[in-house]
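>>> Sharing a model prediction with you, sequence too.
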Amino acid sequence: MDANTLGLMASGFLHVFSPMNLGMMVLGVTIGIVIGCMPGLSAAMGVALLLPLTFGMAPETGLIMLGAIYCGAIFGGSISAILIHTPGTPASAATAIDGYQLTLKGKAGKALGTACTASFFGGLFSCISLYFFAPALAQLAMKFGSPEYFWLALFGLTIIAGVTSGSMVKGLMSGAFGLVLSTIGMDPMEGVERYMFGVDALYNGINVTCAMIGLFSMSQVFILIEKAIKERGNVIDFEDSVFLKAKELAQIFPHVIRSWIIGNIIGILPGAGASIACFLGYDTAKKFSPRKDEFGKGSIEGVAASEAANNAVTGGSLIPTLTLGIPGESVTAVLMGGLIIQGLQPGPELFTKYAPMTYTFFAGFVVTQFFMLLIGLGGCRLFAHISRLSDAILIPCVFVLCVVGSFAINNSFVEVGIMFLFGFFGYLMRKLDLNTAAVVLALILGPIGERGLRRSLSLSGGDVSILFSTPICWVLIAMCVLSSFSPLLMKVLKKKEKVQ
Amino acid sequence: MKRTDLCICVFMYLFSAFFLFETQKFPEGARHYPHFVIGLLVLLTTVRMTDMVKVYFEEKRVENDVHVAFKGFLPGQFWTMFAAFLGFFALMYFFGFYVASVIYILFCLQYFRIPKKYMALVLLVMLVLTYFTFSWFLNVPLPKGEILGEFL
C-alpha cells in the first residue's frame, strides 16, 4: 500500500466525522435494523425503497447511508430469528437454530448480545479486505478496454447461473429477458429510438432505480397481499444482560475469525451471498467447536458463527461491485444503482478521480459497524417489539413509499407506472421461480456490455477477433465459461460425494 | 412437464416475437445487438422447452402446478388490494398525493381491521415521514392533483 493510498485512507476518516455523515449513519443503521427485524421485508428491498432518499445528498453521504442500511438489515434479521424463530432476512436463517433455543432457555439477551457483537466483528473485519483488495482490483481494471468490458459484463451475466437456486436455465432466461429490456431507449451508437413506443421518458432506457423498487419492494407488497395476514408469535420479554463476559467473548472469538474469512470469500465471489455464508459459518463452527453437542440446543458459538459470517459478506461483496461493476447479489446491485444515480460509474475511476469520495465511504463503512454495535445492544428490546409489526400495517406503508420513491426520481408519473409494472412482473417471476435479481443485473450490465461490444467492433471495422486480442480477454472468457458451468460442476461433485 | 413452465416458455416466445417484429422499424446498423439478445432469449427458452418435452415423453402428462405456485392465494383480498392500488393512482392524479395517501391508508387499515388508535398513528407517521423526507428535505414537488391543484 503506497503513501498516497494511506493519505486517502486518513483523509477518508477525517471527512467521515462530519455531522451529516454521522447522522446518516445513525439513521441508516436504525432503519436497516428495523427493516431487517421485520420478517416481511428484506435488505435489498429496504435499500431499494430508501434509495430515493439519497438523491439530495453528497455521493459519499448517500452511499454511507445505503451501506449503513445494508449492515443494519443483515444484523436486524437476527432479532426476529432469535426472539420469534422467524429470520427477518434469509441471511439469519442459521442464527434461528441456536438463537431461539437460547430464548427458550431464558437467555434471549445473551443471544442478542452475541449476535450483535459477532455482527460487529464480522463487519469490521470485512473492511480490512475492502481496503486491501479493492484498490488492487481497481488497478487491474484500469487496463480494461472496450473488448474487456464486453467480456466483463458477460461474466457478470453468467453469474446469474450461480445466483439461481432453482433451475439454472430459468435463471439465465431471466437474465436474457432483462437484457432485451435493457435495449429499450436510445441506441448508443446510431442515435435512433428503440422500443420507446412514443414514451419520451424512456429516452435513457428503463430507469434502473424504478425497476429495482418494483422488482424488490413492490413485488414484496404483492406477495404480502396474496396470503392471509400472519399473526406473529409473541415476543418473550427478557431480563438477562445483552453484554458478553470476557470468557464468553474468548469462547466465540475463534469462530468469529473463521466466519469472517468464510463470509469475506463468499462476499467477494459474485453469485454467492449472506444466506449461504451464515450456514457455512455455522457448519464450520460446529466442526471445530469442542462443545459440538451444544449446537442446536442453544449455543452462543452457533449464533456468533452465523452472524459473523453474514456480516463479513457485506464488505467483501462491495469489492467486485465497486471495482469491476459486478454486483454479486441483489443488495449490492441496488447499492450500485445508488452509485449510478449519483453520476458515478463503478470501476477504476472510483479509485482515481473520485478516490476521496470512495475512501470516505470506506471509512463510513468502518464507523457504521460501531454504530451498529451501540444501537444494536442499546435498542434490541425496542426492536424486538417492532419485529412483531403486522403485515397489514406494512402493506400500505411500503406501497406509499414505493410510489413516492419512484415519483421522486424524475417527478414523473411514467416512473411510477414503470415501478408498478415491474412490481407485478416481479411478483409473477417470484411465484414462477424466475430470478428478479438476474433481471436487475442484466439491466445494469446490459448497456455496459453493449457499449463494449459495439465500440470494439466499430474500432476493428467489424472484425470479431478484437474480442480475443488480449490476455485479459482470455482470462475473462475462461471465467465466463467456469461461471456458466459451475452449478453443473457442483451437481456432479455432489453426486460423486453421495455415491462415495 | 409443468404447466407454469409451459406458460413461461410461451410468454418468452411471444415477448421475443414482439420485440423481433419491432426491430424491423430500426435502421440496419441498430438491429444487430437487439437481434443478438433476442436470439439469446429464444435459444435459452428453446433449451428449457426441449427439457420439458423430454420430461413430457417420459411422464406422458402435463402437471398442473398452478395451485402449488399460488398456494394460499386469497383472490378476494388480492384483487381488492390491487384495485386499491389503481384507485390510489387515480386519486393521486386528480386530488394529489396527500389526499390519495390518507384515503388509501385508511381504506387498507380498515380492510385489515386494524384498531382505530393504530390507524391514526400509522397515518400520522406516514404523512409526517413523507412530508419531511420528500417535500421538505428532497424538495420533491409531490403531485397536487389535476382538480385540487387548480385551487391551491
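Cool, got the structure. Residues are numbered from 1 along each chain as shown, chains lettered A, B, ... in the order given.

>>> Could you pull up the contacting residues of B:A17?
Neighbouring residues of B:A17 by C-beta atoms under 8 Å, 6 or more residues apart in numbering or on different chains: there are none. Bear in mind the C-beta positions are built from the backbone N, C-alpha and C, glycine included.

>>> gap between it and chain A?
12 Å (C-beta to the nearest C-beta, to the nearest Å).

>>> That residue sits in which helix or strand?
Taking DSSP states H and E as the criterion, B:A17 maps to helix B:3-22.

>>> Go through that helix and flag the buried ones.
B:4-6, B:8-9, B:12, B:15-16, B:19-20 (16 or more other C-beta atoms under 10 Å in any protein chain shown).

>>> Past it, which element shows up next along the chain?
Along the chain past helix B:3-22, the next helix or strand (assigned with DSSP H and E) turns out to be helix B:28-59.

>>> In the stretch 401-500 of chain A, which residue sits nearest chain B?
Closest residue of the stretch 401-500 of chain A to chain B, C-beta to the nearest C-beta: A:A408 (4.4 Å).

>>> quick one: low-confidence ranges for chain A?
A:1, A:40, A:160-166, A:231-237, A:270-272, A:328, A:486-500 (pLDDT under 70).

>>> residue ranges of the strands in it, please?
In chain A, the segments counted as strands under DSSP state E are A:185-186, A:193-194.

>>> quick one, domains of chain B?
B:3-69, B:75-151 (automatic domain parsing).

>>> how far away is the residue most central in space within chain A from A:T61?
In chain A, the centroid-proximal residue (C-alpha atoms, centre = their mean) is A:V331; its distance is 2.5 Å. To A:T61, A:V331 is 19 Å away according to C-beta to C-beta, to the nearest Å.

>>> right, and the strands of chain A - which one's nearest chain B?
Ranking the strands of chain A by proximity to chain B (C-beta to the nearest C-beta) places strand A:193-194 first, at 6.5 Å.

>>> Can you list the helices and strands that the closest one packs against?
Under the contact criterion of 3 or more C-beta pairs under 8 Å, 6 or more residues apart in numbering or on different chains; DSSP states H and E, strand A:193-194 touches strand A:185-186.

>>> just how off-centre is the strand it packs on within its chain?
On the basis of C-alpha atoms, centre = their mean, to the nearest Å, strand A:185-186 is displaced by 28 Å from the centre of the chain it belongs to.

>>> can that strand be found next to chain B?
No. Strand A:185-186 is not in contact with chain B by C-beta under 8 Å from any C-beta of the partner chain; minimum separation 9.9 Å.

>>> thinking again about what came up before, who's in contact with the residue nearest to the centre of chain A?
Contacts for A:V331 (C-beta under 8 Å, 6+ apart) come out as A:43-44, A:47, A:70, A:317.

>>> which among these gets closest to A:Y195?
Relative to A:Y195, the closest of those is A:A44; by C-beta to C-beta it sits at 26.9 Å.

>>> give me phi/psi at B:G145?
Main-chain dihedrals, B:G145, degrees, to the nearest 10: phi 100, psi 150.

>>> That one and B:F94 touch, don't they?
Yes. B:G145 lies in contact with B:F94 (C-beta atoms under 8 Å); the separation is 5.2 Å.

>>> Neighbour count for the two, which is higher?
Each of B:G145 and B:F94 has its neighbours counted (other C-beta atoms under 10 Å in any protein chain shown); B:G145 has more, 20 against 15.

>>> quick one: that one from A:G417, how far?
Using C-beta to C-beta, which is the criterion applied here, B:G145 is 17 Å from A:G417.

>>> same thing with B:F88?
Going from B:F88 to A:G417 by C-beta to C-beta gives 13 Å.

>>> Over to A:G113?
47 Å.

>>> Neighbour count: those two, which is higher?
Taking neighbours as other C-beta under 10 Å, A:G113 and A:G417 compare with A:G113 leading, 23 against 16.

>>> burial measure for the nearest residue to the more buried one once chain neighbours are set aside, as a count.
Using C-beta to C-beta, 6 or more residues apart in numbering or on different chains and skipping the chain neighbours, the partner closest in space to A:G113 is A:V242 (3.7 Å). Neighbour count of A:V242, defined by other C-beta under 10 Å: 20.

>>> count of neighbours near whatever residue of chain A ends up closest to chain B?
Nearest residue of chain A to chain B (C-beta to the nearest C-beta) works out as A:A392 at 3.5 Å. Burial measure for A:A392: 19 neighbouring residues, criterion other C-beta under 10 Å.

>>> quick one on the thing from earlier: starting at the chain centroid, how far to the helix holding B:A17?
On C-alpha atoms, centre = their mean, the centre of helix B:3-22 falls 18 Å from the chain's centre.
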